[in-house]
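Asks: Fold the following.
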Amino acid sequence: MDHYFRPRPDLESRPTAFTVTVAGRALRFRTDRGVFSRGGLDAGSRLLIETVTLEPAARLLDLGAGYGAVGLALKARFPDARVTMIDINPRAAALAEHNAAQNGFSDVRVFAGDGIAPVAGERFDAVVINPPIRAGKAVVFRLYREAHDALVPGGVLWAVVHKKHGAPSHRAALQALFGEAAVVRRERGYHILQAIKRA
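Replies: Numbers count the residues shown, from 1 in each chain. Here you go, the predicted model:
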C-alpha cells in the first residue's frame, strides 16, 4: 500500500486531472496512477495549505511533494516564495514539473530523489510535509531529521498527520528533534504540527 512512495515505472499510466481554487486562483493539476491522492486534493493537504504562513521571499521546500499540490498552492498564496519540490517517485516529480509549468510557475524547482539528497547542502526557511504514513515511521522520522538539518536557524517545519495515523507520536518525535513542537490547528482528526529550529 506504500506504492506511491516507491518508484513504480512498470505501473501503467492513466492520467487524470482536476482543478482547485487557492487564494482566488484556479490551479489545474494532472495526476496519474501510482501517486498519492490522484483523484483530488486530500483534506490533510488542504488544511496544511490553509494553515502555513511564510515570510516574504521565503525559501520553501515541499518534501515528498507528490504531483505538487501543496508546493504550488503555497506558491499561489505566497507568490514571492522560492519553492523547491522533491519526491522519490519519478512519475510524481514529472507531474509536479508539468503542473508547475501549466500553472505558470516558471521559477519553481522540482527534483526526483530520496529525501533532501537532490538539494544536499542547501538551506531553507520552511519545509512542508504531508508525510508518507504507509512507508512507516522509520522513513517518516528520517525525513523529519533531514528537514531539520535543511532548515536555517529559526526555520519552520510544517507537517500534517491524522490522529488515527499517530499524530501524538509524530509530535513527540518532532519535540525530541527540535526541542518543541506545537499542534497549531486541529480539524476533522488532522493535526497541523509546527516545529521551529533553534538558533
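Asks: following the longest strand belonging to the chain, which helix or strand comes up?
Replies: As assigned by DSSP state E, the longest strand anywhere in the chain is strand 151-162. Scanning forward in sequence from strand 151-162 by DSSP states H and E, the next helix or strand is helix 167-178.
Asks: and that next one, what does it pack onto?
Replies: helix 137-150, strand 151-162, strand 190-196 (3 or more CB pairs under 8 Å, 6 or more residues apart in numbering; DSSP states H and E). (Glycine included, C-beta is placed from N, CA and C.)
Asks: In the chain, mark out all the strands, start to finish.
Replies: So, for the chain - with DSSP E - the strands run 16-22, 25-31, 59-63, 82-87, 109-112, 124-129, 151-162, 182-187, 190-196.
Asks: Show the average pLDDT along the fourth one.
Replies: When pLDDT is averaged along strand 82-87, the result is 97.
Asks: distance between it and the chain's centre?
Replies: Averaging C-alpha positions (CA atoms, centre = their mean, to the nearest Å) puts strand 82-87 8 Å from its chain's average.
Asks: thinking again about what came up before, need the strands of the chain in CSV with mean neighbour count and distance to E97, can you?
Replies: What follows is the strands of the chain, written out as CSV (neighbours: other CB atoms under 10 Å; distance: least, CB to CB, whole Å):
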stretch, mean neighbour count, distance to E97
strand 16-22, 14, 15
strand 25-31, 18, 10
strand 59-63, 26, 13
strand 82-87, 25, 8
strand 109-112, 19, 4
strand 124-129, 24, 18
strand 151-162, 20, 23
strand 182-187, 14, 30
strand 190-196, 22, 27
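Asks: got JSON lines for those strands, with distance to A135 too?
Replies: JSON lines is the format used below for the strands of the chain (distance: least, CB to CB, whole Å):
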{"stretch": "strand 16-22", "distance to A135": "23"}
{"stretch": "strand 25-31", "distance to A135": "19"}
{"stretch": "strand 59-63", "distance to A135": "13"}
{"stretch": "strand 82-87", "distance to A135": "12"}
{"stretch": "strand 109-112", "distance to A135": "16"}
{"stretch": "strand 124-129", "distance to A135": "12"}
{"stretch": "strand 151-162", "distance to A135": "13"}
{"stretch": "strand 182-187", "distance to A135": "22"}
{"stretch": "strand 190-196", "distance to A135": "18"}
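Asks: my read: E55 touches D125, true?
Replies: Yes. In terms of CB atoms under 8 Å, E55 counts as a neighbour of D125; the distance is 6.3 Å.
Asks: that older thread, the inter-axis angle of the longest strand of the chain versus strand 182-187?
Replies: 30 degrees (axes from the mean of the first three to the mean of the last three CA atoms, to 10 degrees).
Asks: what angle do strand 151-162 and strand 124-129 make?
Replies: Using the same axes, to 10 degrees: strand 151-162 against strand 124-129 is 20 degrees.
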